[in-house]
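Chemist: coordinates for the following, if possible.
(chains A and B)
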Amino acid sequence: GAGVSQTPSNKVTEKGKYVELRCDPISGHTALYWYRQSLGQGPEFLIYFQGTGAADDSGLPNDRFFAVRPEGSVSTLKIQRTERGDSAVYLCASSLNPLVRNEQFFGPGTRLTVL
Amino acid sequence: DAKTTQPPSMDCAEGRAANLPCNHSTISGNEYVYWYRQIHSQGPQYIIHGLKNNETNEMASLIITEDRKSSTLILPHATLRDTAVYYCIRHSMDSNYQLIWGAGTKLIIKP
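Modeler: You can find the predicted model right below:
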């Protein structure tokens, strides 16, 4: 079956621009997570959705970052006024029922480069 | 600190068992130990998890010490495709659902 997909796979933008990164989770997975990963480090949690609502957004670094999941499926991570320090791989994951078992299925990531 | 301690890198010969250690000396009673791996340029992949008992699945075995302060992930017959970064993660089902990742162990399988 289809796994988690993310688009685009690569995004190059200029400092100060706005970007949107999309995540299509596995069908039926109610939980969705965004992480970002810098070179040589493990993923860093950003935000967790249960259904349409953001259950935990404590990992968002500042108010330039925002994420939505309006219909409880596809999610979009939005970054305003991008900075060079935002350059990283942004990973999306989904899971069926984290209350029972938190096996997260990851997408391939979007590599964001801010020039 | 919710992180774990792993060696930064390890080598293993192809066909041998790869044993990856992880220290989690301050783990709480309600925290599970999860293992993921990340092959170069791919997203992380779930391997296995456990609470107290040893666990085995088609990918690996997880051995957790009786005091739960450390664990070992065992890949019984390592292949070149097992070369990856392996992450050991503590995770509580009682709190939020984020996974807190360390830097992991870079496992290199050599022919």
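Chemist: in chain B, which ranges drop under the pLDDT threshold?
Modeler: B:1-2, B:94-96 (pLDDT under 70).
Chemist: where do the strands sit along it?
Modeler: With strands called from DSSP state E, chain B shows them at B:9-13, B:18-23, B:31-38, B:45-50, B:55-56, B:61-64, B:70-75, B:84-92, B:105-110.
Chemist: cool, and chain A?
Modeler: Counting by DSSP E, the strands of chain A are A:5-7, A:10-13, A:19-24, A:31-37, A:44-50, A:53-56, A:65-68, A:75-79, A:88-95, A:105-106, A:110-114.
Chemist: need the contact list for the closest residue to B:L80 other than its chain neighbours.
Modeler: Leaving aside its sequence neighbours, B:L80 sits nearest to B:I109 (C-beta to C-beta, 6 or more residues apart in numbering or on different chains; 5.2 Å). C-betas here are computed from N, CA, C, even on glycine. Shown in contact with B:I109 (C-beta atoms under 8 Å, 6 or more residues apart in numbering or on different chains): B:D11, B:C12, B:A13, B:E14, B:A18, B:A78, B:T79, B:L80, B:R81, B:D82, B:T83.
Chemist: so which of these is the closest to A:V89?
Modeler: Of all those, A:V89 sits closest to B:T83, with 18.9 Å by C-beta to C-beta.
Chemist: measure the closest one to chain A for me?
Modeler: Counting by C-beta to the nearest C-beta, to the nearest Å, the gap from B:T83 to chain A is 16 Å.
Chemist: what residues does chain B put near chain A?
Modeler: B:32, B:34, B:41-46, B:49, B:87, B:91, B:93, B:96-104 (C-beta under 8 Å from any C-beta of the partner chain).
Chemist: re earlier: Serialize the strands of chain B to a markdown table and add fields for distance to A:G3.
Modeler: Shown next, in a markdown table, are those (distance: least, C-beta to C-beta, whole Å):
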| stretch | distance to A:G3 |
| --- | --- |
| strand B:9-13 | 28 |
| strand B:18-23 | 25 |
| strand B:31-38 | 15 |
| strand B:45-50 | 10 |
| strand B:55-56 | 23 |
| strand B:61-64 | 24 |
| strand B:70-75 | 22 |
| strand B:84-92 | 17 |
| strand B:105-110 | 23 |
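Chemist: any idea which of those gets closest to A:Q104?
Modeler: The nearest among these, by C-beta to C-beta, is strand B:45-50 at 6.5 Å.
Chemist: got the angle between that closest one and strand B:18-23?
Modeler: If you take axes from the mean of the first three to the mean of the last three C-alpha atoms, to 10 degrees, strand B:45-50 sits at 60 degrees to strand B:18-23.
Chemist: what are the buried residues along strand B:45-50?
Modeler: By 16 or more other C-beta atoms under 10 Å in any protein chain shown, the buried positions in strand B:45-50 come out as B:Y46, B:I47, B:I48, B:H49, B:G50.
Chemist: which strand residues bridge the third one?
Modeler: Here B:I48 shows beta-bridge partners B:W35, assigned using DSSP bridges.
Chemist: how close does it get to B:L75?
Modeler: Computed as C-beta to C-beta, to the nearest Å, the B:I48 to B:L75 distance reads 10 Å.
Chemist: find the residues that touch each one of the two.
Modeler: By C-beta under 8 Å, 6+ apart, the residues touching both B:I48 and B:L75 are B:M59, B:A60.
Chemist: roughly how far is stretch B:92-109 from the heart of the chain?
Modeler: Counting by C-alpha atoms, centre = their mean, to the nearest Å, stretch B:92-109 is centred 8 Å from the centre of its parent chain.
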